[in-house]
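Undergrad: Fold the following and give me the result.
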Amino acid sequence: MNSKRYILKNGIILTPFKTIKNHNLIIENGKISKYLKYSNNIVNIDKYTVIDLKGEQYISPGLIDIHTHGGNGEDCIDGNLEIISKGKLSEGITGYLPTLIAAPIQMIFHSFDNINSFIKSKQNKKLPKILGVHLEGIYLNKNYRGAQRLEFLRVPNLNECIDLVKRSYGLLKIMTLAPEINNCISIIELLSNSGIISSIGHSNASNEYIKKAIHKGASHVTHAFNAMGEMGFKEPGVRSPGLEGDILVNDDLTVEVIGELTHLDPTIMEILFRCKGPDKIILITDSLSISGLSKGKYDIGVMTLNLNNENPHIARLEDGSLAGSTIPLIKAVQNFYENTSATLNQAIQMASYNPLRSLKLLDKKGSIEKGKGADIIIFDKYFNVKMVFIEGEIVFES
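TA: As a prediction, this is how the structure comes out:
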């Protein structure tokens, strides 16, 4: 058990459901012990390490990224998870789902092996916790594949998916798929029965297929408004909502939002917020292996990516189309807060509490409450991460 004790003094606590000022936060034995008013004396204060935040820095739950493909030159599908995980700390991330793009099936199996071995190794201590795996594919609509390679998309096969679940060591937590593709509704039912989240994405599903998918257990949408059926015209003057419109009004679906302001215009982000509210949005990075690297062209994993200075937070394919982002998750929080009507507490909620709720992992972490694990971050008014605690231990200081 972690026996270190800390007093976080003079910080602004975002639980995230309320803001607490004029209180110190006490961490003991790896957990959040209590709040104490400034005026209250602390018994045996010499046994604590006191960190004075001088009334200018925020304390919040650690951030959780359920959609990230890697970073610092390493890809989750075949790369060095220790390097990826170390990079996540500076973003304020205390837990994440390595996200695998469409790839040869044996490569996906190998990735499960690699991730499972890393979780069981000693090298992952003092790093963000890997909470499972998000498989973004392989059963996607080829016309909405985005940056996914066409040759790696597969015809949905129930027996193959059963094998995927078995070979995942129980790590498969989210799978993105297109409900309108043959056999995908049956696969959604299989995933739901296995406790795996089915996420609608890279899809042009009609309202009929969305209803079928939800009936069988689908509950998520992968990067809303990206790589999906758009609003259009059925005939002159008659507007069709498309998949974009259907997800806005469907309360059964929680949506991922890429927060770097290129994949989604700020006005679209505001529309999503007004329609879905703070409880049904999860902020993600969709960050790629080239996150954290300098300008250049990179051959990584199964694709070639370009990073230039026009926007340091996006990456493009060789044809110039969007491939994904390189934005740190704390900056995605900042963007959503500064470009929508969401409060700071709500933006933090979307990147901490909400993803853990979807993964059914809220019992121990995800909010600053007495008795919960002390996975917390400290950041300044410019959204620079200053310190990260995991299980009550300092694992990152800027």
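
Undergrad: pLDDT wise, what is Val240 at?
TA: No, residue 240 isn't Val; it's Ser. pLDDT recorded at Ser240 is 79.

Undergrad: partner residues bridging it?
TA: With beta bridges defined as DSSP bridges, Ser240 has these partners: Gly232.

Undergrad: Any idea how many residues pack against it?
TA: If you count neighbours by other C-beta atoms under 10 Å, Ser240 ends up with 16. All C-beta atoms are positioned from the backbone trio N, CA, C, and that covers glycine.

Undergrad: 614 is where my numbering starts, stick with that
TA: Noted, 614 is the first residue going forward, which turns the last one into Ser853.

Undergrad: From Gly845, how far out is it?
TA: Distance, Ser853 to Gly845, by C-beta to C-beta, to the nearest Å: 5 Å.

Undergrad: now do Cys888
TA: Distance of Cys888 to Gly845, given as C-beta to C-beta: 19 Å.

Undergrad: quick one: which of the two has more around it?
TA: Using other C-beta under 10 Å as the criterion, Cys888 and Gly845 rank with Cys888 on top: 16 against 12.

Undergrad: right, and the more buried one touches Leu861 too?
TA: Yes: using C-beta atoms under 8 Å, Cys888 makes contact with Leu861 at a distance of 4.3 Å.

Undergrad: so where's the stretch 614-763 of the chain uncertain?
TA: Along the stretch 614-763 of the chain, the parts satisfying pLDDT under 70 run over 614-616, 652-653.

Undergrad: Spit out the contact partners of the spatially most central residue of the chain.
TA: Nearest to the mean C-alpha position of the chain, by C-alpha atoms, centre = their mean, lies Asp678 at 2.4 Å. Contacts for Asp678 were tallied using C-beta atoms under 8 Å, 6 or more residues apart in numbering; they are 701, 704, 706, 708-710, 897-898, 900, 942, 964, 968.

Undergrad: The longest helix seen in the chain: what's the following helix or strand?
TA: Across the chain, the longest stretch assigned as helix under DSSP state H is helix 718-733. Using DSSP states H and E, the helix or strand that follows helix 718-733 towards the C-terminus is strand 742-743.

Undergrad: chain center to that following strand: distance?
TA: 12 Å (C-alpha atoms, centre = their mean, to the nearest Å).

Undergrad: For it, give me every contacting residue.
TA: Defining contact as C-beta under 8 Å, 6+ apart, one finds that strand 742-743 is touched by 694, 698, 707-711, 728, 731-732, 737, 784, 988, 1003.
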